[in-house]
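# Below is the sequence, then the predicted model.
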Amino acid sequence: EVQLVESGGGMVQPGGSLRLSCAASGFTFSSYDMSWVRQAPGKGPEWVSRILRGGGSTYYADSVKGRFTISRDNAKNTLYLQMDSLKPEDTALYYCARTASGKYDYWGQGTQVTVSS
């Protein structure tokens with residue numbers, strides 16, 4: 001059974017940092033691209049970042065470029081999102097998603113990130 005479990009969310013002041021983790025199980029993690037997707041209250045899902053299976057290539061939405069860093073540890077079956085210089089507009093539920101053929105076929109339950117003073 002494919003499982004994705006996010007952790008690391010919380011409340012932080014503007015300008016602060018958080019590191020999200022996503023523990024994967026039930027599939028060969030190193031064989032799949034992985035993505036982070038977020039959903040703010042009252043809005044649709046927004047793609048945040050993607051990392052290819054080998055970890056050598058990463059992609060970011062313009063809204064987070066230069067502030068967020070995606071990475072993965074294939075030996076630990078874990079995906080990460082380092083978020084720096086957080087802004088109130090980054091407030092959302094953050095999901096990790098297995099990515100296959102450009103589609104998100106499995107999602108985690110999400111971890112809440114709230115940026116507020």
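Sure, I can see it.
# Residue 71: neighbour count?
Using other C-beta atoms under 10 Å, residue 71 is surrounded by 14 other residues. In this view, the C-beta of every residue, glycine as well, is placed from N, C-alpha and C.
# which SSE is residue 86 in?
For residue 86, there is no enclosing helix or strand under DSSP states H and E.
# What distance do you get for it to residue 107?
Using C-beta to C-beta, to the nearest Å, residue 86 is found at 22 Å from residue 107.
# out of the two, which sits in the more crowded spot?
residue 86 (22 against 16).
# Tell me who's in contact with the closest residue to that one other than its chain neighbours.
Nearest residue to residue 86, sequence neighbours excluded (C-beta to C-beta, 6 or more residues apart in numbering): residue 115, at 4.6 Å. By C-beta atoms under 8 Å, 6 or more residues apart in numbering, residue 115 lies in contact with 11, 12, 13, 14, 16, 86, 87, 88, 89, 90, 91.
# What about those residues, which are in strands?
Residues of the contacts of residue 115 located in strands (DSSP state E): 11, 12.
# Select only the buried ones of the contacts of residue 115 in ChimeraX?
To isolate the buried members of those in ChimeraX, using 16 or more other C-beta atoms under 10 Å:
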select :12,86,90,91
